[in-house]
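Chemist: Here is the input, now give the coordinates:
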Amino acid sequence: MLQTAMSTGEENDLVKAVDSLLNNLGPKFSKVSAELFAKMDEMSQRLDDMEAAIKAGNNPENGET
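Modeler: Residues are numbered from 1 along each chain as shown. Reported below is the predicted structural model:
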């Protein structure tokens, strides 16, 4: 097994850097996730509207043949 010599100070710096990275990525991921779900909800509503419009167009009561 390959081991590298790392001082305690270097290990602490690495841990701090990783923690900082994770703390920065967490909110960004949450924002992207929220935007994605909002877009999916919007697309779902648009599909529902389109389906309703198609059903209304196929309705014999609309006066068209």
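Chemist: Okay, now the unreliable bits of this protein?
Modeler: Across the chain, the ranges flagged by pLDDT under 70 are 1-5, 60-65.
Chemist: what about the strands in it?
Modeler: For the chain, no strands are identified by DSSP state E.
Chemist: Just want the most central residue of it.
Modeler: Ser33 (2.4 Å; Cα atoms, centre = their mean).
Chemist: got the CA coordinates for stretch 14-33 in PDB?
Modeler: The C-alpha atoms that make up stretch 14-33 are tabulated as PDB, following Å, rounded to 0.1, in the frame of the first residue of the first chain:
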ATOM      1  CA  LEU A  14      -7.000  19.400   3.200                       C
ATOM      2  CA  VAL A  15     -10.000  18.700   5.400                       C
ATOM      3  CA  LYS A  16     -10.800  22.400   5.600                       C
ATOM      4  CA  ALA A  17     -10.600  22.700   1.800                       C
ATOM      5  CA  VAL A  18     -12.900  19.700   1.200                       C
ATOM      6  CA  ASP A  19     -15.400  21.000   3.800                       C
ATOM      7  CA  SER A  20     -15.300  24.400   2.100                       C
ATOM      8  CA  LEU A  21     -15.900  22.900  -1.300                       C
ATOM      9  CA  LEU A  22     -18.800  20.800   0.000                       C
ATOM     10  CA  ASN A  23     -20.300  23.800   1.700                       C
ATOM     11  CA  ASN A  24     -20.100  25.800  -1.500                       C
ATOM     12  CA  LEU A  25     -21.600  23.000  -3.600                       C
ATOM     13  CA  GLY A  26     -24.500  22.200  -1.400                       C
ATOM     14  CA  PRO A  27     -26.500  25.400  -2.000                       C
ATOM     15  CA  LYS A  28     -25.600  25.400  -5.700                       C
ATOM     16  CA  PHE A  29     -27.000  21.800  -6.000                       C
ATOM     17  CA  SER A  30     -30.100  22.800  -4.100                       C
ATOM     18  CA  LYS A  31     -30.700  25.800  -6.400                       C
ATOM     19  CA  VAL A  32     -30.200  23.700  -9.600                       C
ATOM     20  CA  SER A  33     -32.500  21.000  -8.200                       C
END
